[in-house]
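Visitor: return a 3D structure for these sequence lines:
(one chain, ligands or ions: 2)
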Amino acid sequence: MVRLLRVVILLVTFQLGLYVIYHDNGSRNKVRYVRVTEDCPNTRSFDDVTALKNAELRRMGDIVQRLLRQIQSREDCSDISTYVCHPLSCGLICNIHQLASCMLTAMARNLTTVVGVDHRGFFGEQSYRKLRQIILPVSDVCPTVTLGEDLKKIEKPSFEYSMTSLPPEVTKTVNRLHSNPMTWWVGQVTSYLMTLQPDVRREVDRSIEQDFSDVIVGIHVRRSDKVDRESQFYDADEYMRHVEAWYQRRDIDIRLSKGESPIHGSRVTRKVFVATDDVTVIDEMIHRYPHYVILHDRESAAMGNDKLLRHTAAGIQYVTMDIMRLVECDYVICTMTSNICRLTFELMQQRYGDVTDRLLSLDRSYNFHRRKFPANHIVVLPHTGATSSELSLSVGDRVDPLHRKWKDDLWFGVKRSTGERGYYPDHVVEYQTNFL
Ligand SMILES: Nc1nc2c(ncn2[C@@H]2O[C@H](COP(=O)(O)OP(=O)(O)OP(=O)(O)O)[C@@H](O)[C@H]2O)c(=O)[nH]1
Ligand SMILES: [Mg+2]
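Guide: Ligands and ions are numbered 1, 2, ... in the order given. Below you'll find the model as predicted:
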């Protein structure tokens, strides 16, 4: 009798474990899994397929990095072969995004991107000069152009980003394997731009080697000038809720893979890396979460908080280090209202493959340079709205997401066929991005 009871408990907990895993990964991944396995009939597990898919995406990434280097190293710097990009009067990482939108525009026309700076020394020029202290020049060969009155004639990036400028093998493969191909493409370009100066690279590598070889979750807590202007205040607990959930899912995964009960067993050490522009966040994390190993860089946070020092060479190096450390994390929680979170997401695409489920934004969904790629949700599991504020959805319905309610893991969006607006759960939809 006792034995039977044990078997029943084990089965129930096993089911619970599976539910947690599948609820998190969502049917999105299951659908992709089925699609990929059509091509790889001998592949057995979901993890195998994910690894295979990401390896292939990284191989495509290597091809694209070589192509970008080739285009940016062309020796013809004449007007008809180049596209002049003017840095903006915005933040530093914001300017990486400006350069990226120029390069995407130029690529669509098979042109080399060169930087044009204003001879009056406006902020955009200063930003680029500062960026150059950490990154390699945008073009290996063509020099930066100093613009006089021509400045007015500078063409704005067109946003006609096109993956058609890539070899067909790349476009086809990425289209099939990635859940958001345009993000992958942007990630390739920002990764190219973020090729670091050798001394900065060495510094980053040293830090990563030392602290980021184990499993680790990263959080970026953007405070100072961002709060109540472009974003809002998020308590440390709102990040840690997701950190804890991620580790719990991972524990269950490990136990299941060993054939153990998903509920019992030893917990792995839980490490969190905190990148922030507010030192008090670090103190609070250490105080409130004593069972976590909290990795942090107090100096970096202090520098990031100082409105003057943050834009010095040292300040830029610190934030670059933090971004690169976030990229090394197994899972990241941040706020997409910050360029830092968006850049991290982009760089992770190049580093790992499809990272749609590897980074979580507490506020907005991903956008590039204030533009969203036309995105929609395709319903993959039927859903009956429990209240009048929820949408009822059938498989195949398309929904345009407007915003996300993280607390309940719900989206708010418009059902295309009827125009109805309402909430629906994340796990019933697959994300789809139309790419050009
Ligand atoms: N060291 C460090 N600095 C940070 C961090 N978060 C923000 N900062 C600082 O805050 C600055 C943001 O200033 P902006 O010039 O407005 O940069 P931005 O490109 O507009 O980026 P966002 O404002 O985050 O969208 C960065 O350049 C950093 O100096 C962090 O996690 N670490
Ligand atoms: Mg800013």
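
Visitor: residues contacting the residue nearest to residue 414 when sequence neighbours are not counted?
Guide: In this structure, residue 414 finds its nearest non-sequential neighbour in residue 400, 4.8 Å apart by C-beta to C-beta, 6 or more residues apart in numbering. Yep, even glycine has a C-beta here, placed from its N, CA and C like the rest. Listed by C-beta atoms under 8 Å, 6 or more residues apart in numbering, the contact set of residue 400 reads 375-377, 413-414, 416.

Visitor: can you select the buried ones from those in ChimeraX?
Guide: Burial among these is assessed by 16 or more other C-beta atoms under 10 Å; the matching ChimeraX selection reads:
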select :375,376,377,413,414
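
Visitor: with respect to ligand 1, which of the contacts of residue 400 is nearest?
Guide: Among the contacts of residue 400, residue 375 lies closest to ligand 1 (C-beta to the nearest ligand atom), at 20.7 Å.

Visitor: quick check: residue 316 touching residue 92?
Guide: Yes. With contact defined as C-beta atoms under 8 Å, residue 316 counts as touching residue 92 (6.0 Å).

Visitor: any chance of the contacts of residue 400 in TSV, plus pLDDT and secondary structure?
Guide: Formatted as TSV, the contacts of residue 400 follow (pLDDT from 0 to 100; DSSP: H, G, I helix; E, B strand; the rest coil):
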residue	pLDDT	secondary structure
375	61	strand
376	70	strand
377	83	strand
413	88	strand
414	88	strand
416	84	coil
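
Visitor: name the residues contacting each of residue 316 and residue 92.
Guide: Residues touching both residue 316 and residue 92 by C-beta under 8 Å, 6+ apart: 130-131.

Visitor: so, low pLDDT: which residues of the stretch 101-250 of the chain?
Guide: By pLDDT under 70, the weakly predicted segments of the stretch 101-250 of the chain are 121-123, 150-152, 159-162.

Visitor: residue 289 touches residue 281, doesn't it?
Guide: No. Proximity of residue 289 to residue 281 does not meet the contact threshold set by C-beta under 8 Å, at 11.6 Å.

Visitor: which one of those two has more residues nearby?
Guide: The neighbour count for residue 289 versus residue 281, taken as other C-beta atoms under 10 Å, is higher for residue 281 (21 against 17).

Visitor: spatially nearest residue to the residue of the stretch 51-200 of the chain at minimum distance from ligand 1 (excluding sequence neighbours)?
Guide: Using C-beta to the nearest ligand atom, residue 91 is the residue of the stretch 51-200 of the chain that sits closest to ligand 1, at 2.2 Å. Among residues not flanking residue 91 along the chain, residue 339 sits closest, at 6.1 Å (C-beta to C-beta, 6+ apart).

Visitor: give me phi/psi at that neighbour?
Guide: Residue 339 adopts backbone torsions of phi -60, psi -30, taken as degrees, to the nearest 10.

Visitor: quick one, strands of the stretch 151-300 of the chain?
Guide: Per DSSP state E, counting those that start in this stretch, the stretch 151-300 of the chain carries strands over the ranges 217-221, 271-276, 293-296.

Visitor: the shortest one: partners in the sheet, and parallel or antiparallel?
Guide: Looking back up the chat, that one is strand 293-296. Here strand 293-296 is paired, per DSSP bridges, with strand 271-276 (parallel).

Visitor: that older thread, would you mind finding the most buried of the strands of the stretch 151-300 of the chain?
Guide: Most buried of the strands of the stretch 151-300 of the chain by mean neighbour count (mean count of other C-beta atoms under 10 Å) is strand 217-221; its value is a mean of 26.

Visitor: could I get that one in PDB with only the CA atoms?
Guide: Backbone C-alpha positions of strand 217-221 (Å, rounded to 0.1, in the frame of the first residue of the first chain) are rendered in PDB as follows:
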ATOM      1  CA  VAL A 217      22.100  34.200 -14.000                       C
ATOM      2  CA  GLY A 218      22.600  37.900 -14.800                       C
ATOM      3  CA  ILE A 219      20.400  40.800 -14.000                       C
ATOM      4  CA  HIS A 220      20.800  44.400 -15.300                       C
ATOM      5  CA  VAL A 221      19.100  46.800 -12.900                       C
END
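
Visitor: could you see whether ligand 1 lies near it?
Guide: Yes. For strand 217-221, a contact with ligand 1 is found by C-beta under 6 Å from any ligand atom, at residue 220.

Visitor: what helices or strands is that strand leaning on?
Guide: Strand 217-221 makes packing contacts with helix 236-257, strand 271-276, helix 313-327, strand 331-334, helix 339-352 when contacts are defined by 3 or more C-beta pairs under 8 Å, 6 or more residues apart in numbering; DSSP states H and E.

Visitor: which one of these lies nearest to residue 393?
Guide: Nearest of the helices and strands packed on strand 217-221 to residue 393, taken as C-beta to C-beta: helix 236-257 at 24.7 Å.

Visitor: run a quick neighbour tally on residue 421.
Guide: Neighbours around residue 421, by other C-beta under 10 Å: 14.

Visitor: quick one on the thing from earlier: any chance of the strands of the stretch 151-300 of the chain in JSON lines, plus distance to residue 249?
Guide: Below are the strands of the stretch 151-300 of the chain laid out as JSON lines (distance: least, C-beta to C-beta, whole Å):
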{"stretch": "strand 217-221", "distance to residue 249": "11"}
{"stretch": "strand 271-276", "distance to residue 249": "15"}
{"stretch": "strand 293-296", "distance to residue 249": "19"}
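
Visitor: what's the closest of these to residue 364?
Guide: Of all the strands of the stretch 151-300 of the chain, strand 217-221 comes closest under C-beta to C-beta, at 13.7 Å.

Visitor: now the closest residue to ligand 1 within the stretch 251-400 of the chain: closest residue in space, sequence neighbours ignored.
Guide: Nearest residue of the stretch 251-400 of the chain to ligand 1, counting by C-beta to the nearest ligand atom: residue 304, 2.3 Å away. Spatial nearest neighbour of residue 304, excluding adjacent residues (C-beta to C-beta, 6+ apart): residue 277 at 3.5 Å.
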